[in-house]
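Asker: One predicted model, sequence on top.
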Amino acid sequence: EKKYVDPDRVYSTDVRWWLGEAANTDESLLEEIQALYDAGYRGVELCMQSDNAAPDATYAYGSAMWTHKWNLMMNKMLGLGMAVYLTSGTNWATSNVPGLDPASQQAMQNITLGTGVVEAGQSLTALPAPAANARRAGATFVTAYAYKVTEGNTVDPDSFIDLKSKVTPGADAWTQNLSWTAPNDGSYRVFGVWTQGTYHSSSPSAQPAYATNYFDTRGVQALRSYWEQHYLADPALRAKIAEGDVQLFMDSLEINFGTGGATWWAEDMAAEFKKRKGYDITPYLFLFQGVNASPFTPYHEVRNTGTYKLADAEVRRQGVINDYQDVLTQLYRERMLQPLKEWLNSVGIETRAQISYGRPIEMSEPAMDVDYPEAENYNQYNNVDILRLWTGGAKLENKVLSTETGAQLGPYSGTRQMDMHDAYAQFAAGFQRIVWHVWGAGYSYGSFNWPGHNSTGFRQLGTRNPGYSDYDEFNAHMGRVQQLLQTGKSRTDVGF
């Protein structure tokens, strides 16, 4: 009973801190860190947001000021015995690196389609290209083929015609000459397939920060190189990190396909798919156009998505899509999560991620590849049955499962009673750790106006919130509950 009277800080809740670039004074940052400590939080996620008044070249991610401010904050929090959580790039949405070449294999790649319908007996002299706004520098032509149209966007799956041998290079990657006449038995839809960088960038950043490749180990290598030049460059801070409680945090998967993109790709994706599934994926790449999930609609069925269909072969279409998403899951684990964890653990940093959330990637297996899996209640809210979808993998791995909580509340109308209601619903589903969304920096660049920095309009905690005086007592209560949930002997029933 005694250990629950004053629970150890390690069992307390955490909070995400949104900062308007590196544009706060040293004094105000140190004051807020002390306030976070006095409020009883275990640890803090340092997450950079845009501040429209602050010049990005001076204050954004990758600047000298960013290095100074983040080192200052990390040193202070680690000195207090608090945990420090670092995002995998600027903002929160992706793993990204300032200055990364978006056309390189270190950066995220996609498949982009050009398509058009050819009537019976008509000839083509050029392969249909994607819309102009979908074409990026550094693209590579992959293949071309045609299918007979049965109606609308539905094609006959047994009518495949390989056109690659009839294609010759034109003036650039997007200009491919084609010498082909459609058969006389009907209309045919022609597909041209290219691969290119998604050019997905995140801000604020002192220079464009492009998403790394999640399906090629060169993406992790790019992130590692950048961190070693910045977060891990100071020997004294690096020693503190090795001895402290530091995590890399990855939020919901907000990587995208890029403008006009159909799906993600890797240089050896076709070979990897054939090795793992036993057949060639390239004739089916057109099926991925329009197949998507997002953090705002994360749960979907393949039968309800996709632009193109196979006539009388819906099971086949869904099987191909599920096979490809399974390979994406495998590569995400093997080439992103596993090497990332191995490297970071070697320097004393643990990994925590909202695995798979928001994209069509399997959501339980990746729990094996992070130190701490995480979800959130922004979409699930208090729906226990949906929240349970996340708990199975974590329980089998006996890992503490955290949840980002509170984003659905109004900016200043949230109360501790509402927070407790949200937390308890998630505890009932099997979660054991709460990360509150979101603590707003008390000030913005050149602005002292109440309530401080809140550029996105989400619920805001902080010293300038009247509820601040309750945070310490509230965290003590939450610490008692979370200690109970995180200790003891794990028992998981497995059914076959």
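Answerer: Here it is on my side, so go on.
Asker: quick one: what helix or strand has the residue nearest to residue 156 when sequence neighbours are not counted in it?
Answerer: The shortest distance from residue 156 to any non-neighbouring residue, by Cβ to Cβ, 6 or more residues apart in numbering, is to residue 148 (4.5 Å). Where C-beta positions appear, they are placed from N, C-alpha and C, glycine not excepted. Per DSSP states H and E: residue 148 is located in strand 140-151.
Asker: what lines up beside that strand in the sheet?
Answerer: strand 154-155 (antiparallel), strand 161-162 (antiparallel), strand 188-197 (antiparallel) (DSSP bridges).
Asker: Out of those, which gets nearest to residue 377?
Answerer: Residue 377 lies closest to strand 188-197 among those, at 33.8 Å (Cβ to Cβ).
Asker: Convert the C-alpha atoms of that closest one to CSV, please.
Answerer: Written as CSV, here are the backbone C-alpha positions of strand 188-197 (Å, rounded to 0.1, in the frame of the first residue of the first chain):
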residue,chain,number,x,y,z
TYR,A,188,-8.6,-1.3,-73.9
ARG,A,189,-7.3,0.7,-71.0
VAL,A,190,-3.6,1.3,-71.2
PHE,A,191,-1.5,1.8,-68.1
GLY,A,192,2.0,3.4,-68.0
VAL,A,193,3.8,2.8,-64.7
TRP,A,194,6.6,5.0,-63.3
THR,A,195,8.4,5.2,-60.0
GLN,A,196,9.6,8.4,-58.4
GLY,A,197,10.1,10.2,-55.1
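Asker: quick one: contacts of the helix-or-strand element of the chain with minimal mean pLDDT?
Answerer: Across the helices and strands of the chain, the lowest-confidence element by mean pLDDT, DSSP states H and E is helix 2-5, at a mean of 80. Helix 2-5 has contacts (Cβ atoms under 8 Å, 6 or more residues apart in numbering) with 480, 483-484.
Asker: Now with 10 Å, please.
Answerer: Contacting residues not belonging to helix 2-5 are listed as 11, 476, 479-481, 483-484, 487 [Cβ atoms under 10 Å, 6 or more residues apart in numbering].
Asker: what's the farthest-apart pair in those residues?
Answerer: 476 and 487 (16.6 Å).
Asker: Comparing those two, which shows the higher neighbour count?
Answerer: Taking other Cβ atoms under 10 Å, residue 476 and residue 487 do not tie; residue 476 has more neighbours (15 against 11).
Asker: Report the spatially closest residue to that one, excluding sequence-adjacent ones.
Answerer: residue 40 (6.1 Å).
Asker: which residues touch that neighbour?
Answerer: 7, 9, 12-13, 471-479.
Asker: Please identify the most buried of the strands paired with strand 140-151.
Answerer: Sort the strands paired with strand 140-151 by mean neighbour count, taking mean count of other Cβ atoms under 10 Å, and strand 188-197 sits at the top with a mean of 24.
Asker: where along the stretch 51-200 of the chain do the helices fall?
Answerer: 56-59, 64-80 (DSSP state H, counting those that start in this stretch).
Asker: Extract the C-alpha set from the first one and format it as PDB.
Answerer: Output in PDB follows, covering the C-alpha atoms of helix 56-59 (Å, rounded to 0.1, in the frame of the first residue of the first chain):
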ATOM      1  CA  ASP A  56      12.400  29.500 -40.600                       C
ATOM      2  CA  ALA A  57      16.000  29.900 -41.600                       C
ATOM      3  CA  THR A  58      16.800  31.100 -38.100                       C
ATOM      4  CA  TYR A  59      14.400  29.200 -35.800                       C
END
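Asker: Can you name every helix or strand that it contacts?
Answerer: The helices and strands touching helix 56-59, judged by 3 or more Cβ pairs under 10 Å, 6 or more residues apart in numbering; DSSP states H and E, are helix 64-80.
Asker: Mind listing what's buried along the helix it packs on?
Answerer: 65-67, 69-78 (16 or more other Cβ atoms under 10 Å).
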